[in-house]
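Chemist: no FASTA, just this:
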């Protein structure tokens, strides 16, 4: 009898981090609620170093002068059809928020939603094994979790990490003159969309999976070693969306050199073929008012700058003098890191994208 198991990506309207609510809708939601309607949005204070109001990658609670807890959660719908790989990608993506804060993961619990009927629960077991494998690689215990019945499968982790409160990486410390470094190539969104609606070449998919399952542990370690204080990870809001959030929090602007941005193999071709997710289109719409893109930037590259990433790299703002050493360190660790732009004085959150080489 032929295998009747449906492809996992066919069960979801959005793949990976492209299933996030659009940034514009989240901004509208939080603006409408305000601090009075949602006390958790009040600014951090006392031992709560970073809370919801700061809009950073994770919450941070100081335990003492040397230790702070980092708390985050992330989960999403299937991004690939192999359940083990989906579990690995989702776990690496959830752990990334801890690394983006300059922390190291301690332990995590699973978050899973699974159809009560029609999809073998043994497939969920493969997803969980993938997550546990990446957790073990990170030195992070995966200790239990919670599952619910849901017609659309979902998986991720809630993670607790540990950081030095005096050496946090946050989104609000970028300053004019800083150089911008991204530690992974972009393009996972168009590749995931191609998986859902067609099939990218096997080597293109393999490269994307390798990128999405690569932990940001080494990138975070190198950033701390170089004295970086401003960072975020690149996920569902795209490279430009996450840069915009960093710049808005830092009251600065930036210039990006499009030819310098690393792209995953095959991503440009898939963008040209129209494999663009709804999340990427929402990112483009949100960013049009705050981004000036040189008309000479190829259309496929412009798409990829907004591409909704899953388990992307870290975006680091580093002092100019330290940038060459940090870039060399990242590349020595086997990371496809690249210097892609600079923070400049200007309207907070504004981004200029030029076609000029760096």
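Modeler: Cool, the structure landed. All values reported here derive from a predicted model rather than from experimental measurement.
Chemist: so who does residue 172 touch?
Modeler: 54, 56, 230, 246, 249, 250 (C-beta atoms under 8 Å, 6 or more residues apart in numbering). Glycine gets a C-beta too; all of them are placed from N, C-alpha and C.
Chemist: Return the subset of those residues lying in strands.
Modeler: residue 230 (DSSP state E).
Chemist: what would the contacts of residue 172 look like in a markdown table with neighbour count and distance to residue 352?
Modeler: Listed next are those as a markdown table, based on neighbours: other C-beta atoms under 10 Å; distance: C-beta to C-beta, whole Å:
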| residue | neighbour count | distance to residue 352 |
| --- | --- | --- |
| 54 | 18 | 26 |
| 56 | 26 | 24 |
| 230 | 25 | 19 |
| 246 | 27 | 15 |
| 249 | 20 | 18 |
| 250 | 22 | 16 |
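Chemist: Which members of the contacts of residue 172 define the maximum pairwise distance?
Modeler: 54 and 230 (12.9 Å; C-beta to C-beta).
Chemist: Find the residues that touch each one of those two.
Modeler: Contacts common to residue 54 and residue 230, judged by C-beta under 8 Å, 6+ apart, are 170, 171, 172.
Chemist: give me the element the nearest residue to residue 9 once chain neighbours are set aside is part of.
Modeler: Using C-beta to C-beta, 6 or more residues apart in numbering and skipping residues adjacent in sequence, the residue nearest residue 9 is residue 196, 4.3 Å away. Element membership of residue 196 [criterion: DSSP states H and E] is helix 188-197.
Chemist: same thing with residue 49?
Modeler: Assigning secondary structure by DSSP H and E places residue 49 in strand 48-50.
Chemist: Tell me the helix or strand right after that strand.
Modeler: Going down the chain from strand 48-50, the next helix or strand is strand 59-62, by DSSP H and E.
Chemist: Would you mind measuring from the residue nearest to residue 9 to residue 226?
Modeler: According to C-beta to C-beta, to the nearest Å, residue 196 stands 38 Å off from residue 226.
Chemist: now residue 174
Modeler: From residue 174 to residue 226 the distance is 14 Å (C-beta to C-beta).
Chemist: With neighbour numbers in mind, choose between those two.
Modeler: Higher neighbour count among residue 174 and residue 226: residue 174, with 28 against 18, using other C-beta atoms under 10 Å.
Chemist: Next, please give the residue ranges for the helices of the stretch 251-358 of the chain.
Modeler: 267-272, 278-287, 299-306, 323-332 (DSSP state H, counting those that start in this stretch).
Chemist: residue contacts, the residue minimising distance to the centre of the chain?
Modeler: Nearest residue to the geometric centre of the chain (C-alpha atoms, centre = their mean): residue 235, 2.5 Å. Residue 235 sits next to 17, 20, 74, 93, 96, 242, 308, 309, 310, 311, 312 when contact means C-beta under 8 Å, 6+ apart.
Chemist: can you tell me which residues contact residue 157?
Modeler: By C-beta under 8 Å, 6+ apart, residue 157 lies in contact with 73-75, 90-91, 94-95, 108-111, 131, 135, 142, 145.
Chemist: now do residue 8
Modeler: 78, 80, 81, 82, 83, 86, 123, 153.
Chemist: And those residues, which is closest to residue 200?
Modeler: residue 80 (10.4 Å).
Chemist: where's the residue lying closest to that closest one once chain neighbours are set aside relative to residue 44, distance?
Modeler: The spatially closest residue to residue 80, leaving aside those adjacent along the chain, is residue 86, at 5.4 Å (C-beta to C-beta, 6+ apart). Going from residue 86 to residue 44 by C-beta to C-beta gives 34 Å.
Chemist: Over to residue 81?
Modeler: Distance of residue 81 to residue 44, computed by C-beta to C-beta: 41 Å.
Chemist: I'd like the distance between residue 318 and residue 172.
Modeler: Remark: distance between residue 318 and residue 172 (C-beta to C-beta) = 15 Å.
Chemist: ok, now residue 213?
Modeler: Taken as C-beta to C-beta, the span from residue 213 to residue 172 is 30 Å.
Chemist: got the buried residues for the one helix or strand the residue nearest to residue 80 maps to?
Modeler: Element membership for residue 86 (DSSP H and E) is helix 83-100. Residues 83-100 are the ones in helix 83-100 that count as buried (16 or more other C-beta atoms under 10 Å).
Chemist: same question, stretch 340-356
Modeler: Across stretch 340-356, burial judged by 16+ other C-beta under 10 Å covers 340, 341, 342, 343, 344, 346, 349, 350, 351, 352, 353, 354.
Chemist: Which of these fall in strands?
Modeler: With strands taken from DSSP E, the overlap with these comprises 340, 341, 342, 343, 344, 351, 352, 353, 354.
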